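> structure here, sequence nowhere to be found:
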């Protein structure tokens, strides 16, 4: 058999084993809570940030576009930020099999809360009710004015920038507008974090999927769950600082293991 064939066979065997172990844990759990990061959306064409080919890994200067003091004070940073948001096509992304698998778990009453560090809105688009999705870092599908609180769908800003206005101002107070995401240097919205923390405390199984578990306070949710007796599963391509707490660590690609495990549990 060709060498490539042997490699592929071993990888599929590993994926099947990982899916079986995850399925067993899901089947035995009564209160499942999930934290998702950028890794769950890469199959939808949404780039991650810190992975080997992540946005900030390939272009470290791009991180400055989400640094609030720089964005607030430097028109050039705002210009670059708006142009990037229009050109990166995140708003065109559609949910993938992993997003749909988690939505199925919610629908079947197996998943009680879904906290996410992602801002792409794909969990809701996949069918998970808004009431179950806790967007810790806000949403890219909204534009807002920090000065007066005005907000609108992101399409408003896209149309303005596409027409040549690279620094669209608030129509109510002429203030600076920004994406409805949490920038570095801004305070996270407290309600999603509070609800996520309460769910983590009550969980008996916590799934950390596609997250590096390096950004606080979201990275503290798995530790909180474990502290209160939950088992922890980490599904991520790279090692995380919390691997030592995990009952199960899965390195198999999310899109290969999660839908299979969910199908097994719900069949």
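Sure, I can see it. Bear in mind the structure is a predicted one, so any value in this text is a computation, not a measurement. Residues are numbered from 1 along each chain as shown.
> what sits up against stretch 66-74?
Contacts of stretch 66-74 with the rest of the structure, by C-beta atoms under 8 Å, 6 or more residues apart in numbering, involve 64, 65, 77, 78, 81, 176, 178, 181, 183, 184, 185, 186. To be clear about C-beta, it is placed using only N, CA and C from the backbone, and glycine gets the same treatment.
> tell me which of these fall in helices.
The helices, defined by DSSP state H, take in 77, 78, 81 from the contacts of stretch 66-74.
> returning to that earlier point: list only buried entries from the contacts of stretch 66-74.
Neighbour-count burial (16 or more other C-beta atoms under 10 Å) is assigned, among those, to 64, 65, 77, 78, 81, 176, 178, 181, 183, 186.
> could you pull out the strands for the stretch 151-267 of the chain?
Applying DSSP state E, counting those that start in this stretch to the stretch 151-267 of the chain gives strands spanning 151-153, 178-181, 205-209, 231-235, 248-250.
> just name the most buried of these.
strand 205-209 (a mean of 27; mean count of other C-beta atoms under 10 Å).
> if we can go back for a sec, nearest to residue 243, of the buried ones among the contacts of stretch 66-74?
Comparing the buried ones among the contacts of stretch 66-74 against residue 243 with C-beta to C-beta places residue 181 closest, at 27.8 Å.
> contacting residues for the closest one?
Here residue 181 is in contact with 66, 119, 137, 138, 139, 140 (C-beta under 8 Å, 6+ apart).
> helix, strand, or coil at the nearest residue to residue 203 once chain neighbours are set aside?
Leaving out its chain neighbours, the residue that sits closest to residue 203 by C-beta to C-beta, 6 or more residues apart in numbering is residue 33, at 4.0 Å. At residue 33 the chain is in strand, as set by DSSP: H, G, I helix; E, B strand; the rest coil.
> repeat that for residue 140.
Residue 140 - assigned by three-state DSSP - is strand.
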